[in-house]
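**Student:** Based on what follows, work out the 3D shape:
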Amino acid sequence: MTSDKLEVAPLVSVITPAYNAERFIAQTIESVINQSFHDWEMIIVDDCSTDRTISIIKDFANRDRRIQAIQLSDNSGAAIARNEAINKSRGRYLAFLDSDDQWLPEKLEKQLGFMKEKGAAFSFTDYIFIDETGKETGAVTEVPECVSYKDLLKENMIGCLTVMIDREKTGYVKMIDIRTRQDYVLWLELCKRGFNALGLQEPLSKYRVVEGSVSSNKMKMAKQNWKVYREIEKLNLVKSIWYFLNYLYFKVRKYSAL
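**Tutor:** Purely as a prediction, here's the structure:
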C-alpha cells in the first residue's frame, strides 16, 4: 500500500544509511515495502557511493512516495548519514535498518504492538544471521527481556537493525560522530537516561554477515569498544578493564556459535 499524501506524518520513520550497497539495497528496501504495517517512511542516505546504490534508491523512491533518497556530497560515515535521516524524519518512532540487512514482514507490526503493550521507549528483538547470498546460517541472536546500562557495558546484545525508539518518550536522539560503535553509544546513552531496552524475544530481522565489512573487523571493533569505555563513557581504568574482559568473553562465545 503506497501513501499518496505526505502531509500527515507517518507513525514510523525507517533510518537507513547506505554506502556501495548495490548488491543488497533492493532486498533491504523490499523488506520494508513488504511490511504488514504500512504507515511508515523510509529515509535512505547514500554516503557518497561510487557504485549504483543511489540510482537503485531513487528508482524505488520514484515508485513509492514513502521512500526518500538523500545523497551526501562527501563520504562521512554511518553516524552522519543516520543523523541526516533522523533530522529529516517525521515519525514518532524511529526504526533502524542498514543497507545490507532485512526485516521479516511482521517486524514493525509486532514490535509496535509490543512497545505499546509494555509502554516501552526503547526496544529491540532477536535476529537471524544470513550469509552474503541471503541464506540463513542457522545462528540466531536471542535477546534478554530487559537490558540496563551496566548490562550493555558488558555486552552489546542490541542489534541496530532491530531497534525501535519512541521519540515521544525519549525526546530528540542522534548518534555520536565516530566511524564505528556510534549505535552502541546511543544505546548506552538511552539506558543511562533511564530508558532500559526491552527485548521482544522473537526473531524479526535478518543480519547479513558480509566479508570485509566494518562490523566484521573484530580487532578494530575491540579497539573502538575500549575507546568507548575510556573516552566516551569516561570509565576509570579498573572498570574499563573489567567491562572489556566481559566484552571479549561474550564476543568469543558469540562468534564460536556462528
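**Student:** which residue ranges form the strands in this structure?
**Tutor:** Assigned by DSSP state E, the chain shows strands spanning 12-18, 40-46, 67-71, 93-96, 102-103, 122-130, 136-141, 146-147, 164-166, 197-208.
**Student:** In the chain, which helix is the longest?
**Tutor:** Taking DSSP state H as the assignment, the helix of the chain that covers the most residues is helix 237-256.
**Student:** who touches the residue nearest the centre of the chain in this structure?
**Tutor:** Nearest residue to the geometric centre of the chain (Cα atoms, centre = their mean): Cys160, 2.6 Å. Counting by Cβ atoms under 8 Å, 6 or more residues apart in numbering, Cys160 touches Phe96, Asp98, Asp183. For every residue, glycine as well, the C-beta is placed using N, CA and C.
**Student:** Kindly report the same for Lys239.
**Tutor:** Tyr229.
**Student:** repeat for Asn83
**Tutor:** The contact partners of Asn83, by Cβ under 8 Å, 6+ apart, come to Lys174, Met175, Asp177.
**Student:** One more: Tyr207?
**Tutor:** Asp101, Tyr127, Ile128, Phe129, Ile130, Thr141, Gly159, Leu161.
**Student:** Show the pLDDT at it.
**Tutor:** At Tyr207, the model reports a pLDDT of 97.
**Student:** who does it bridge with?
**Tutor:** For Tyr207, the residues forming beta bridges with it (DSSP bridges) are Phe129.
**Student:** low-confidence ranges in the stretch 1-150 of the chain?
**Tutor:** Applying pLDDT under 70 to the stretch 1-150 of the chain picks out residues 1-6.
**Student:** if you set the cut-off to 50 instead, what comes out?
**Tutor:** 1-5 (pLDDT under 50).
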